[in-house]
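# Okay, predicted coordinates and the sequence, questions at the end:
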Amino acid sequence: MNKSIIIIIILLLAVLSLVFVYSADNNLLSENRTELEVSTEGPIELSKIIEDVKTGPYYEGHDNKTLAWMESLGDKQVFMGNGTIVVMSDYDAGKLRSEYACDAYITQNFECNIVENHSIGNVKYPKDVLLVENVKYVDEEIHFLQGS
């Protein structure tokens, strides 16, 4: 009789622990949201960005560890921001608008969770490479070019 009470208490504690961990993870996801701004001229396939990093003079001196990490991400999509390469799944990329304009530069703001952050390294124009998830579109801004 005594052993069965101990087993029931242990099982109850295990279930309560799982509930607590699940609750803590959900709170962390909502609290770790960041707002980012990217160009609406996207998405771009990650494989094209990887090829640019490998061959383009713009990325000369790139960090090989970051490049290897980018290659390990597989089939992802990219939006470019000011100083950032924002990598996400096809599903999350589909939540953002893709617009091109001749007389304006359009940016969009969105909320997301940053999963990983790497630096492309010591290149001409340094960029952070952000892997994001749980994208939520917020709004867009239109920046008209001079003379338009």
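Cool, the structure landed. Numbering: from 1, shown residues only.

# Low-confidence ranges, the chain, go.
Residues of the chain meeting the criterion pLDDT under 70: 1, 13-31, 125-126, 147-148.

# what about the helices in it?
Remark: helices assigned in the chain by DSSP state H are 2-31, 46-55, 64-72, 90-93.

# tell me, what residue is most central in this protein?
For the chain, the residue nearest the mean C-alpha position is Val132 (1.7 Å; C-alpha atoms, centre = their mean).

# out of everything not next to it in sequence, what's closest to that residue?
Cys112 (4.1 Å; C-beta to C-beta, 6 or more residues apart in numbering). (C-beta placed from N, C-alpha, C; glycine too.)

# what's the answer for Ser119, then?
Asp128 (5.8 Å).

# for the one you found, what are its contacts?
Applying C-beta atoms under 8 Å, 6 or more residues apart in numbering, one finds that Asp128 lies in contact with Gly83, Thr84, Ile85, Asn117, His118, Ser119, Ile120.

# How about Asp52?
Contacts of Asp52 by C-beta under 8 Å, 6+ apart are Tyr58, Tyr59.

# May I see the buried residues of stretch 74-84?
Using 16 or more other C-beta atoms under 10 Å as the test for burial, stretch 74-84 gives Lys76, Gln77, Val78, Phe79, Met80, Gly81, Thr84.

# What about those, which are in strands?
Among these, the members found in strands (DSSP state E) are Gln77, Val78, Phe79, Met80, Gly81, Thr84.

# The second one reaches Ile50, doesn't it?
So the one you mean is Val78. No: between Val78 and Ile50 there is no contact under C-beta atoms under 8 Å: 9.5 Å.

# Can I get the contacts of Asp128 in a markdown table including distance to Tyr100?
Output for those, formatted as a markdown table (distance: C-beta to C-beta, whole Å):
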| residue | distance to Tyr100 |
| --- | --- |
| Gly83 | 21 |
| Thr84 | 20 |
| Ile85 | 19 |
| Asn117 | 28 |
| His118 | 28 |
| Ser119 | 29 |
| Ile120 | 25 |
